[in-house]
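S.K.: Sequence and predicted structure are below.
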Amino acid sequence: MYASTIYQIFPDPRMVRIGVVIVIGIIIISMAVTMYMYTQYQTNFISVKAGEPVVIGPVEYTITFDGIHKGNEKLIETNPDNTFVKIRIIAKNISEKKTVISASQFYLIDEKQQKHLPVYGGVSTDLVYEGFRSSDHWLEPNKPVIMTTQFDVSYNELNQYNIVIRPSKQQSTVDTAVICITNC
């Protein structure tokens, strides 16, 4: 014979109420833990203008717009398809341990919200810090490094361009910088 209600399975109504309270408590606790974990790992976007310092993990960055150019065949191995947008990066490790920055942490967002990765190739002797051409560069504590890199984009002086800096895996932070470099 099958029971048709919970009261036929558990004849004492106090047991049913205790069971319902326990189930509701488990649901509320699991929802609270889920919300806590969601807020801990959600990306925190920090918006600044060019020239203003921003801290991402253990590194303080200052990004400035360094102009545009069409390349120079005498000084450069890479010619742009469109226009090179140059930025100057000042990176300072503000922690007590060495940390790494990578070229893949930086990208430019154009007016169409398209992502452009850095393009390397020397325009002048100081265009790209030699260590930044490789995938990783180690930063010593409290020693700023100045680097310059460029992005190949269809440039329009009336549009807004942003540089995005994401943390490296080693830095383990949820902060991401969005730096307006033109027409802010």
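M.R.: Structure's in. What do you need? Numbering: from 1, shown residues only.
S.K.: Any regions of the chain where pLDDT drops low?
M.R.: Per-residue confidence of the chain (counting by pLDDT under 70) places the weak regions at 1-7, 72-78, 120-135.
S.K.: Show me it divided up by domain.
M.R.: When the chain is parsed with automatic domain parsing, its domains come out as 6-41, 44-182.
S.K.: In the first one, which residues are buried?
M.R.: Which is domain 6-41. Residues of domain 6-41 classed as buried: none (neighbour count, 16 or more other CB atoms under 10 Å). C-betas here are computed from N, CA, C, even on glycine.
S.K.: before we move on, back to that, would you mind finding the most buried of the domains of the chain?
M.R.: When these are scored by mean count of other CB atoms under 10 Å, the highest mean neighbour count falls to domain 44-182 (a mean of 16).
S.K.: How far off centre is it?
M.R.: 12 Å (CA atoms, centre = their mean, to the nearest Å).
S.K.: Span of it from start to end?
M.R.: 22 Å (CA to CA, to the nearest Å).
S.K.: in what helix or strand does the residue nearest to residue 46 when sequence neighbours are not counted lie?
M.R.: In space, and not counting its chain neighbours, residue 46 is closest to residue 177: 5.0 Å by CB to CB, 6 or more residues apart in numbering. In this structure, residue 177 sits in strand 175-182 according to DSSP states H and E.
S.K.: Packing partners of that strand?
M.R.: The helices and strands touching strand 175-182, judged by 3 or more CB pairs under 8 Å, 6 or more residues apart in numbering; DSSP states H and E, are strand 44-49, strand 53-56, strand 59-69, strand 161-165.
S.K.: picking up where we left off before, the residue nearest to residue 46 bridge partners, please.
M.R.: residue 46, residue 165 (DSSP bridges).
S.K.: Pull the contacting residues for it.
M.R.: For residue 177, the set of contacting residues under the criterion of CB atoms under 8 Å, 6 or more residues apart in numbering consists of 45-48, 54, 56, 61, 163-165.
S.K.: any residues touching stretch 163-174, and which ones?
M.R.: Applying CB under 8 Å, 6+ apart, the external contacts of stretch 163-174 come out as 40-44, 54, 56-59, 61, 63, 87, 99-102, 105-109, 115, 175-179, 181.
S.K.: now residue 94, nearest residue through space, not along the chain?
M.R.: The shortest distance from residue 94 to any residue that is not its chain neighbour, by CB to CB, 6+ apart, is 5.3 Å, and that residue is residue 60.
S.K.: which of the contacts of residue 177 sit farthest apart?
M.R.: Comparing all pairs in the contacts of residue 177 by CB to CB, the longest separation belongs to 45 and 61, at 14.4 Å.
S.K.: Mind giving me the packing neighbours of the longest helix anywhere in the chain?
M.R.: The helix spanning the most residues in the chain, taking DSSP state H as the definition, is helix 13-41. For helix 13-41, the elements it packs on are helix 6-9, judged by 3+ CB pairs under 8 Å, 6+ apart.
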